[in-house]
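# Okay, predicted coordinates and the sequence, questions at the end:
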Amino acid sequence: MAAWPGHARNPVLPYPLLLIAHLFAAVMFVGAVFFEVLILGSALERVPAGVKRRVESAVAQRARRLMPWVLALLYASGLGMAWHYRAALAQPLASSFALMLALKIALALSVLGHFIVAMRTRGHGERIARRFQRIHVSVFCHMLGIVLLAKGMFYFTG
């Protein structure tokens, strides 16, 4: 097993298995938010209001069924991976790797909070729709930061 900065030698679960699960769940979640924010949002502006509501309702219903499972896998595997780096996380200012990992975890926890708010904010109406759109854009921005930090952790270490 590769020795990355702060990587614990005694794994709870095999790190490669956690990594693969985390990557697949991240691709599903990031892809869904990417699609909703950058593609579906502008595409729905070009369809009649009745169709827009039906599509939004169908997408929301499917997301409420699927995304909790995707997020459960994403956060469970992330927690397992964080356990492997517990030594680095104990001193987040000791290295750029540890700092970026701590920031990535903070952003991920914020995304989880956004998701909980989104799941509890159900209903219809312009005010709810605007709040839901802001949540999606915020999660999208958080995820861009998470992806950049995830890649940067292994390239900008010191």
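Perfect, I can see it now. If you're wondering where the values come from, they're calculated on a predicted model, not measured in any experiment.

# low-scoring stretches of the protein, by residue?
For the chain, residues meeting the criterion pLDDT under 70 lie at 1-12, 122-129, 158.

# Tell me which residue lies farthest from the centre of it.
residue 48 (31.4 Å; C-alpha atoms, centre = their mean).

# which one is residue 73 nearest to, not counting chain neighbours?
Of all residues not flanking residue 73 in the chain, residue 25 sits nearest, at 4.2 Å (C-beta to C-beta, 6 or more residues apart in numbering). Heads up, the C-betas are built off the backbone N, CA and C, glycines and all.

# Next one: that neighbour from residue 72, what distance?
According to C-beta to C-beta, to the nearest Å, residue 25 and residue 72 sit 8 Å apart.

# One more: residue 132?
On the measure of C-beta to C-beta, residue 132 and residue 72 end up 21 Å apart.

# Residue 105 now?
17 Å.

# Of those two, which one has the most company?
More crowded of residue 105 and residue 72, by other C-beta atoms under 10 Å: residue 105, with 19 against 11.

# what residues are up against the more buried one?
78, 82, 89 (C-beta atoms under 8 Å, 6 or more residues apart in numbering).

# which helices and strands sit right next to the helix or strand where residue 27 lies?
Here residue 27, judged by DSSP states H and E, is contained in helix 15-34. Using 3 or more C-beta pairs under 8 Å, 6 or more residues apart in numbering; DSSP states H and E, the elements in contact with helix 15-34 are helix 49-84, helix 126-152.
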